[in-house]
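Chemist: no sequence on hand, only this structure:
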């Protein structure tokens, strides 16, 4: 298992994942600071909000792309067949891959949290709250990306499915707010069928809009109960996705 995790880390270095995302995050932070400086009031707070939101999306997008293309390339190059030919169970293989990708995510997120705490004046408890939620979100996204990459035969299809899942999960809170208070959004008319479908989907998929709220960095926690929500979701969805990935991988014939 440790050999597999080390192999994943080496492929991340080979594909310049850390260097590429570092450059992208620096550009996002610079652009966010510029946009925040154009605000009439609360320039520092706007810069923090833009930086936290943009770096979060870029980081998780890079993780999704790397996981999906790495797994599909390993299938095409028969690297996975070589790995499972060794004395390692298929359950251990899936867990090792998830741990490897999760370790890479942690190595990417930890410097981001430290940089935001050093270069911006943020609320310290809010920063810890924000950072822990981003880590748990990354673990969930890695599990879903690994699952889709194992079941789909195209890396592009897996990436697009992950993007759809991620952005729908991020926007689900907005959709539910419109359904709860339609009088504020009279121009939106989902229809009865669409409303029932959205309510059903909101029960099935995780609410990623409860993770990584930028206002935690500025105003602190202030009795926000989102911690229980995103921890509970992660404890439910991550094992569930890994179990589905293990089940599919065990049924696959090589």
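Modeler: The structure has been received and is ready for your questions. If you're wondering where the values come from, they're calculated on a predicted model, not measured in any experiment.
Chemist: what's the neighbour count on residue 89?
Modeler: For residue 89, the neighbour count with other CB atoms under 10 Å is 12. Where you see a C-beta, it was placed from the backbone N, CA and C, and this is true even at glycine.
Chemist: can you check residue 7 too?
Modeler: 16.
Chemist: equivalent analysis for residue 35, please.
Modeler: 16.
Chemist: what's the helix or strand for it?
Modeler: Element membership for residue 35 (DSSP states H and E) is helix 17-37.
Chemist: buried stuff in stretch 25-36?
Modeler: By neighbour count on 16 or more other CB atoms under 10 Å, the buried set for stretch 25-36 is 25, 28-29, 32-33, 35-36.
Chemist: closest to residue 78 among these?
Modeler: Distance to residue 78, by CB to CB, is smallest for residue 25 among these, at 34.0 Å.
Chemist: show me what contacts that closest one?
Modeler: When contacts are counted by CB atoms under 8 Å, 6 or more residues apart in numbering, residue 25 is found next to 55, 58-59, 112.
Chemist: got a markdown table for those, with secondary structure too?
Modeler: Below are the contacts of residue 25 laid out as a markdown table (DSSP: H, G, I helix; E, B strand; the rest coil):
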| residue | secondary structure |
| --- | --- |
| 55 | helix |
| 58 | helix |
| 59 | helix |
| 112 | helix |
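Chemist: just flag the most distant two among these.
Modeler: Comparing every pair within the contacts of residue 25 by CB to CB identifies 58 and 112 as the most remote, at 9.9 Å.
Chemist: which of the two has more residues huddled nearby?
Modeler: Neighbours per residue (other CB under 10 Å) separate residue 58 from residue 112, with residue 112 holding more: 21 against 17.
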